[in-house]
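Colleague: Fold the following for me, if possible:
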Amino acid sequence: MRSFARVWQAAACEIEQRIAAPGLAENRHPAGPQHAPQLPGSNSQIEMVENDFVQATRTPSVRPTAAFDCIWDNAILHHLDLTVAARELAARVRPGGVAVFCEPWGGNPLLNFARRRLPYAGKERTADERPLRHADLRPLREAFFTMHFEGFQRLSMLRRVMRHESLRNALIRSDNWLLPRLPFLRQFCRYMVLTLRA
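Modeller: Here you go, the predicted model:
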């Protein structure tokens with residue numbers, strides 16, 4: 001059973017393994033090893049290393065090619081021209097590297113109607129954004145060696161308008177049971193996690 005959190009956990013664990021590989025780093029948490037952050041479900045602590053974090057812009061990057069082992073993003077690709085961004089991203093990931101993106105998905109007509117027409121909490125949108133669809137993924141598929149995508153929040157998308165925690169948790173459990181058994185329903189989910197490998 002894979003939940004939304006489990007996919008993020010898997011990506012985080014892969015990043016942990018890359019930055020904490022034997023011989024690459026020592027634990028440098030200023031308060032000592034016992035205070036290093038712990039990944040959920042992980043048996044080891046994240047080793048604090050001197051990483052190079054970069055805030056990107058929407059314009060072409062001046063970073064050298066193959067500069068990053070990992071790229072992580074939450075809800076930015078659907079603001080970009082992917083015919084340009086896909087080439088930029090692929091050029092910046094080292095061979096064998098991974099890029100993980102969590103993006104709003106536009107495969108559900110009813111959800112698209114709600115996004116356009118219905119008011120709900122947290123609905124701050126910009127004029128340029130549009131949820132991704134299958135046709136939008138073509139540049140990413142062409143730019144990277146492999147691409148895997150997995151939908152989340154089919155029934156649990158309704159938790160945004162529900163106040164009772166028990167009902168919200170029930171929707172999450174329903175998705176966790178339903179989506180692995182009926183994978184075609186993933187195309188109607190609210191969010192898609194894209195895992196791209198160079």
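Colleague: What is the longest strand of this protein by residue count?
Modeller: strand 93-104 (DSSP state E).
Colleague: Just the residues contacting that one, thanks.
Modeller: 8, 11, 14-15, 66-78, 89, 129, 131-132, 144, 190-198 (CB atoms under 8 Å, 6 or more residues apart in numbering). (Each C-beta comes from the backbone N, C-alpha and C, glycine too.)
Colleague: mind listing what's buried in that strand?
Modeller: Neighbour-count burial for strand 93-104 flags V93, G97, V98, A99, V100, F101, C102, E103, P104 (criterion: 16 or more other CB atoms under 10 Å).
Colleague: What pairs with that strand, parallel or antiparallel?
Modeller: Its sheet considered, strand 93-104 pairs with strand 68-74 (parallel), strand 191-197 (antiparallel) by DSSP bridges.
Colleague: would you turn those into TSV with distance to R117 and mean neighbour count?
Modeller: TSV is the format used below for the strands paired with strand 93-104 (distance: least, CB to CB, whole Å; neighbours: other CB atoms under 10 Å):
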stretch	distance to R117	mean neighbour count
strand 68-74	25	16
strand 191-197	20	21
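Colleague: and these, which one's lowest on average pLDDT?
Modeller: Lowest mean pLDDT within those: strand 68-74, at a mean of 84.
Colleague: Please parse this structure into its domains.
Modeller: 1-52, 68-198 (automatic domain parsing).
Colleague: Okay, helices next: where are they in this structure?
Modeller: Ranges of helices in the chain, per DSSP state H, are 4-19, 82-92, 109-117, 138-143, 165-181.
Colleague: State the distance from the residue nearest to F144 when sequence neighbours are not counted to R190.
Modeller: Closest residue to F144 apart from its sequence neighbours, by CB to CB, 6 or more residues apart in numbering: L196 at 4.2 Å. Distance, L196 to R190, by CB to CB, to the nearest Å: 20 Å.
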